[in-house]
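Student: Next comes the sequence, and after it the predicted model I'd like to discuss.
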Amino acid sequence: KLAARKWDHDGLFAACDLYALGAMKALQAAGVAIPRDCMVIGFDGLEAGEFSSPTLTTITQDFGEVARRLVDNMVRLIDGLETNEAAIPATLTYRESTER
């Protein structure tokens with residue numbers, strides 16, 4: 001729906017790489033040049049982003065660490081303890097979808 005309107009944004013951040021890849025496809029179909037007219041960033045680090053055109057800039061977390069903390073917090077909840085809500089480090093992988 002956004003791509004069907006006059007596009008006047010210089011960037012788009014998607015909650016996951018699949019959404020970002022879909023948005024890039026829709027934007028390109030509407031004549032929006034990525035990254036010249038609009039930069040796109042996803043969140044996941046899916047390998048599919050390495051093969052898109054342009055390649056997708058993404059934010060990647062260590063999903064092994066995410067899983068470990070999830071299990072730890074589930075056990076803590078079962079034991080009646082407070083959960084650990086510390087931030088998990090993330091890495092920004094620059095690719096063509098944000099290069100100008």
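Tutor: Cool, the structure landed. Numbering: from 1, shown residues only.

Student: can you pull the buried residues of stretch 54-66?
Tutor: Buried residues in stretch 54-66, counted by 16 or more other Cβ atoms under 10 Å: 54-58, 60. (Glycine included, C-beta is placed from N, CA and C.)

Student: give me every residue that touches the residue positioned nearest the centre of the chain.
Tutor: The residue lying closest to the centre of the chain (Cα atoms, centre = their mean) is residue 43, at 1.7 Å. By Cβ atoms under 8 Å, 6 or more residues apart in numbering, the residues touching residue 43 are 13-17, 20, 58-59.

Student: Mind checking which of those are in strands?
Tutor: Cross-referencing the contacts of residue 43 against strands under DSSP state E gives 13, 58-59.

Student: Reformat these as JSON lines; add pLDDT and distance to residue 84.
Tutor: Listed next are those as JSON lines, based on pLDDT from 0 to 100; distance: Cβ to Cβ, whole Å:
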{"residue": "13", "pLDDT": "96", "distance to residue 84": "27"}
{"residue": "58", "pLDDT": "97", "distance to residue 84": "26"}
{"residue": "59", "pLDDT": "96", "distance to residue 84": "21"}
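
Student: For whichever helix in the chain runs longest, enumerate the helices and strands it packs against.
Tutor: Ranked by residue count under DSSP state H, the longest helix found in the chain is helix 63-78. Applying 3 or more Cβ pairs under 8 Å, 6 or more residues apart in numbering; DSSP states H and E, we find helix 63-78 packed against no helix or strand.

Student: still on that earlier bit, now, among the ones in strands among the contacts of residue 43, which is nearest to residue 50?
Tutor: Using Cβ to Cβ, residue 58 is the member of those that lies nearest residue 50, at 9.2 Å.

Student: This completes my enquiry, with thanks.
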